[in-house]
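*Asks:* Got a sequence here, can you build the structure:
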Amino acid sequence: MNRKEFLQTSLMGAAAVAASTTGASLLTSCAPKNDTPLRISFQEGTAPGKTLEEKFDYMENLGIVGYEPGGWNLAARVNEFQQALKGRNIKISAICAGFQGFLLAEDPAVKAQFDSTMRDIIAAAGEIWLNRCYYGACVQPPEALLASHIGDSRVPLRADARVG
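*Replies:* Numbering: from 1, shown residues only. Predicted structure coming up:
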């Protein structure tokens, strides 16, 4: 056997082995790797209904377990969300924007507007979540969120604040 025959035979053999194992591995790679459930959230305005109760009823019928309200005027709606979520399998999974100003603004007034509205949104989100666990992941309490994410040194961190 010369060099050319050896290389041709080796390449054909390698291609045959690769083709046979690739087909099998493609089929096994399509199988689910674990049994983690798919948890879907709706943003505010997606579910039909006039009240939160109607929207949450619709979502529960579909198996939707997360809701993402807008951050605009969230502080005024905390009680509404707390009441509507009682006894339901739906959790607030995110807050969608709602702030004013700009994080990296050079104008101090625009930056202050951002800081102020973000503080309001984070405080309201903390009141809605208030040490609740979402899908098994516990979030920091609202005062820890304020202190760590906005740098408000007036708000003490709690000793039991955790992310897990």
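
*Asks:* what about the helices in the chain?
*Replies:* 3-29, 52-62, 78-85, 108-129, 142-150 (DSSP state H).

*Asks:* Can you add mean neighbour count and give those back as CSV?
*Replies:* Any C-beta I mention is one placed from the backbone N, CA and C, and that applies to glycine too. Converted to CSV, the helices of the chain look like this (neighbours: other Cβ atoms under 10 Å):
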stretch, mean neighbour count
helix 3-29, 10
helix 52-62, 15
helix 78-85, 14
helix 108-129, 17
helix 142-150, 17
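
*Asks:* can I get these in a markdown table with mean pLDDT?
*Replies:* Converted to a markdown table, the helices of the chain look like this (pLDDT from 0 to 100):
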| stretch | mean pLDDT |
| --- | --- |
| helix 3-29 | 67 |
| helix 52-62 | 95 |
| helix 78-85 | 90 |
| helix 108-129 | 89 |
| helix 142-150 | 46 |
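
*Asks:* To residue 39, which of those lies closest?
*Replies:* Set against residue 39 and scored by Cβ to Cβ, the helices of the chain come closest in helix 52-62, at 11.8 Å.
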